[in-house]
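Student: mind folding the following:
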Amino acid sequence: MKCENCNINHNRTYGSGRFCSKFCAASFATKDKRKEINKKISNSLKGKPSKLKGRIKNIICKLCKNCHIAFETININQQTCSIICSNKFRRINNDGFEKYKQLCQFSFNVYDYPNQFDLSLIKKYGWYKAKNRGDNPNGISRDHIISIVDGFNNRISYKLLSHPANCKLMRHSENNKKNTKSAITLDELKQKIFIIERKKQCLKEY
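Tutor: Sure thing, here's the model as predicted:
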């Protein structure tokens with residue numbers, strides 16, 4: 001079943017099953033009223049003295065991602081009003097990320113796409129295996145060209161991230177160095193997917 005807020009499939013373990021997590025339920029509930037809430041908060045803070053104004057000029061009024069209450073900060077990247085809200089928001093967000101990460105895993109066989117991958121790398125280095133599962137730390141692993149972290153942060157469908165077009169074979173050590181960086185844009189990935197799917201369709205027709 002799909003979450004009504006983020007459109008990610010889930011197993012209906014949270015609440016009535018309309019949403020995948022508490023975060024999505026809260027986000028959906030305030031979505032329509034968020035502009036109105038922000039406007040009211042902005043108007044209510046106009047003319048009021050700030051506790052921070054004596055120390056610094058660049059003060060920002062933001063809405064807490066967890067409790068949705070306005071707060072003042074000098075940190076443009078701050079998302080929550082307190083450590084308590086930060087911990088709650090991180091926990092909820094992490095739960096959603098873990099579900100998304102599972103959905104983004106590659107499930108196809110690379111040997112079904114010989115023109116898409118350099119299969120000689122597998123023959124040369126073998127597949128990556130952890131110490132307790134064969135011990136081949138220098139083997140080949142499958143890398144997400146658009147990273148799962150970027151996909152999650154930008155609400156990109158897991159179906160796009162798990163597609164063969166978003167996969168690259170590389171040494172596991174190089175994959176670790178890449179970390180969460182993405183090598184292409186979403187538009188470039190969609191173009192790659194279109195080309196691969198078009199080729200598959202042509203093969204079926206002939």
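Student: hey, let's count contacts and neighbours off CA atoms from now on
Tutor: Noted.
Student: the residue sitting nearest the centre point of the chain: what's it in contact with?
Tutor: Closest to where the C-alpha atoms of the chain average out (Cα atoms, centre = their mean) is residue 152, at 1.1 Å. Contacts for residue 152 (Cα atoms under 8 Å, 6 or more residues apart in numbering) come out as 97, 100.
Student: three-state assignment of it?
Tutor: Using DSSP: H, G, I helix; E, B strand; the rest coil, the structure places residue 152 in helix.
Student: what ranges in this structure fall below the confidence cut-off?
Tutor: The model of the chain has pLDDT under 70 over residues 1, 5-15, 21-24, 26-27, 30-57, 206.
Student: okay, now the domains of it?
Tutor: Residue ranges for the domains of the chain, per automatic domain parsing: 22-101, 107-205.
Student: quick one: those as a markdown table, columns for distance to residue 3 too.
Tutor: A markdown table is the format used below for the domains of the chain (distance: least, Cα to Cα, whole Å):
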| stretch | distance to residue 3 |
| --- | --- |
| domain 22-101 | 8 |
| domain 107-205 | 12 |
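Student: all strands of the protein, in order?
Tutor: Assignment of strands within the chain using DSSP state E yields the ranges 60-63, 70-73, 140-144, 167-171.
Student: among those strands, which is the most enclosed?
Tutor: Ranked by mean neighbour count under mean count of other Cα atoms under 10 Å, the strands of the chain are led by strand 140-144, which reaches a mean of 22.
Student: that one packs against which elements?
Tutor: Contact analysis of strand 140-144 by 3 or more Cα pairs under 8 Å, 6 or more residues apart in numbering; DSSP states H and E lists helix 120-125, strand 167-171, helix 172-178 as its packing neighbours.
Student: can you say which of those is nearest to residue 186?
Tutor: Smallest distance to residue 186 across the helices and strands packed on strand 140-144 (Cα to Cα): 13.5 Å, for strand 167-171.
Student: now do the helices in the chain.
Tutor: Secondary structure of the chain, counting by DSSP state H: helices at 22-31, 34-45, 83-103, 120-125, 148-153, 158-161, 172-178, 186-205.
Student: out of those helices, which gets nearest to residue 76?
Tutor: helix 83-103 (14.9 Å).
Student: just the CA atoms of the closest one, as CSV, please.
Tutor: Extracted in CSV, the C-alpha atoms of helix 83-103 (Å, rounded to 0.1, in the frame of the first residue of the first chain):
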residue,chain,number,x,y,z
ILE,A,83,17.5,18.9,21.0
ILE,A,84,14.3,17.0,22.0
CYS,A,85,12.6,17.8,18.7
SER,A,86,15.8,17.1,16.8
ASN,A,87,16.1,13.6,18.3
LYS,A,88,12.4,12.9,17.6
PHE,A,89,12.6,14.1,14.0
ARG,A,90,15.9,12.2,13.3
ARG,A,91,14.4,9.0,14.7
ILE,A,92,11.2,9.3,12.5
ASN,A,93,13.2,10.3,9.5
ASN,A,94,15.6,7.4,9.9
ASP,A,95,12.7,5.0,10.0
GLY,A,96,11.5,6.3,6.7
PHE,A,97,15.0,6.3,5.2
GLU,A,98,15.5,2.6,6.1
LYS,A,99,12.3,1.6,4.4
TYR,A,100,13.3,3.7,1.3
LYS,A,101,16.8,2.2,1.3
GLN,A,102,15.3,-1.4,1.2
LEU,A,103,13.1,-0.5,-1.7
